[in-house]
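*Asks:* pasting the sequence and the predicted coordinates here, then a few questions.
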Amino acid sequence: MQILIGVLIFVVAYGFGTFPSAAIVARKKNLDITKVGSGNPGASNVIRNLGWKVGLAVFLMDMAKAALAVGLAWGVTGDRHDPLSYLSLFAAILGHSYPITRKFKGGKGVACGGGGMFVLFPLTSLILFTSWFVLTKTTHKASVASLTISVALPFGIFYEGAEAWEIGATLALVAFIIVKHLPNLRRLKTHEEPDI
């Protein structure tokens, strides 16, 4: 029964993740977000092409997808820090980054992952959420901000009292985000990364 519940939670959480926040918001502005800028259907590309107000809406919508997914698992287990919450978080990020509804072409998972972590570790997440905007505003590089807060995440939850297995799970999330940002790192090295 527990395995069945886990599978159902995973499928539902993945479904939450596939919700195309950026595409829907950009379409209302008569823009196909996958055909402008980096082509990435995420908050950073929306900010770059439609401004901060619209991009912030996408950012929050992407956060909500994983927050709902983790909240669902929490509701089922009664324990916010149950492994099922992390399974649900990863499922939502996979749905966001590799949505079956859009030929597995999605975002990079930063805002989405941040929403799930906000449920799990609100203090760390609030600090990193704020830091993302400060870093993006000062460096003009969303990728720099995203990678910085991702690397800082395991340290933050350690100070909030996360268990060792939770830190391990978070490190896996950080590794995923770094891999998704490898093209950005190459562009940063050659000074070709676009400003935001």
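*Replies:* Everything's here; your move.

*Asks:* longest helix anywhere in the chain?
*Replies:* Determined from DSSP state H, the single longest helix within the chain is helix 52-77.

*Asks:* could you tell me the angle between the least confident helix or strand in the chain by mean pLDDT and helix 52-77?
*Replies:* One helix or strand of the chain scores below all others by mean pLDDT, DSSP states H and E: helix 43-50, with a mean of 90. Put simply, helix 43-50 runs at 160 degrees to helix 52-77, going by axes from the mean of the first three to the mean of the last three CA atoms, to 10 degrees.

*Asks:* by contact count, what packs against helix 43-50?
*Replies:* Using 3 or more CB pairs under 8 Å, 6 or more residues apart in numbering; DSSP states H and E, the elements in contact with helix 43-50 are helix 21-28, helix 52-77, helix 142-159. In short, each C-beta sits where N, CA and C put it, glycine included.

*Asks:* give me the contact list for that helix.
*Replies:* Here helix 43-50 makes contact (CB atoms under 8 Å, 6 or more residues apart in numbering) with 22, 25-26, 29, 31, 33, 36-39, 54-56, 58-59, 62, 107, 110-111, 136, 142-143, 146, 194-196.

*Asks:* and for stretch 100-111?
*Replies:* In contact with stretch 100-111 (CB under 8 Å, 6+ apart) are residues 18, 20, 22-23, 34, 40-43, 58-60, 62-63, 93, 95-99, 132, 146, 149-150, 173, 176-177, 180-181.

*Asks:* can you flag the buried ones in those?
*Replies:* 18, 20, 22-23, 34, 40-43, 58-59, 62-63, 93, 95-99, 132, 146, 149-150, 173, 176-177, 180-181 (16 or more other CB atoms under 10 Å).

*Asks:* pretty sure residue 116 contacts residue 92?
*Replies:* Yes: Residue 116 lies in contact with residue 92 (CB atoms under 8 Å); the separation is 6.2 Å.
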